[in-house]
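Q: Build me a structure from this.
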Amino acid sequence: MSDSRDPSTHLSPFLSSLIPRLKSREVVIDFRGFEYMNSATVSPLINFVKSLNAEGIPTSLLFDPTVSWQKINAQCMRAIARTLPHVQVP
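A: Coordinates of the predicted model:
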């Protein structure tokens, strides 16, 4: 669950630190087990996904379309992924 008002304070440094270790790997970010993620959490995740794409790291984002907040985020991320050649939202 993520309901922080400013999650980027903690998430961004942590996620950025992962990028060097993820090079030459395939990344799957699976949101299906999340109970809840507020809209403020989306921005640092989008930045992380864009950074992965910039490094050429193949990335898949998984959402549960039966959960309303996940369905909305999946639609948003799918639209963004159209411009990111190394990112897919099946």
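Q: In this structure, which residue is most central in space?
A: By Cα atoms, centre = their mean, the chain has its centre lying nearest to residue 45, at 4.2 Å.
Q: Tell me where the chain has helices.
A: Taking DSSP state H as the test, the helices found in the chain are 8-22, 39-54, 68-81.
Q: Contacts for the last one next, please.
A: When you say that, I think you mean helix 68-81. 31-32, 34, 36-37, 42, 46, 49, 61, 63-65, 87-89 (Cβ atoms under 8 Å, 6 or more residues apart in numbering). C-beta coordinates here come from the backbone N, C-alpha and C atoms, glycine included.
Q: how does it look with 10 Å?
A: Residues from elsewhere that reach helix 68-81 (Cβ atoms under 10 Å, 6 or more residues apart in numbering): 29, 31-32, 34-39, 41-42, 45-46, 49-50, 53, 59-65, 67, 84, 87-90.
Q: Can you give me the buried ones in that helix?
A: 69, 70, 73, 74, 77, 80, 81 (16 or more other Cβ atoms under 10 Å).
Q: Run a quick neighbour tally on residue 5.
A: By other Cβ atoms under 10 Å, 7 other residues sit near residue 5.
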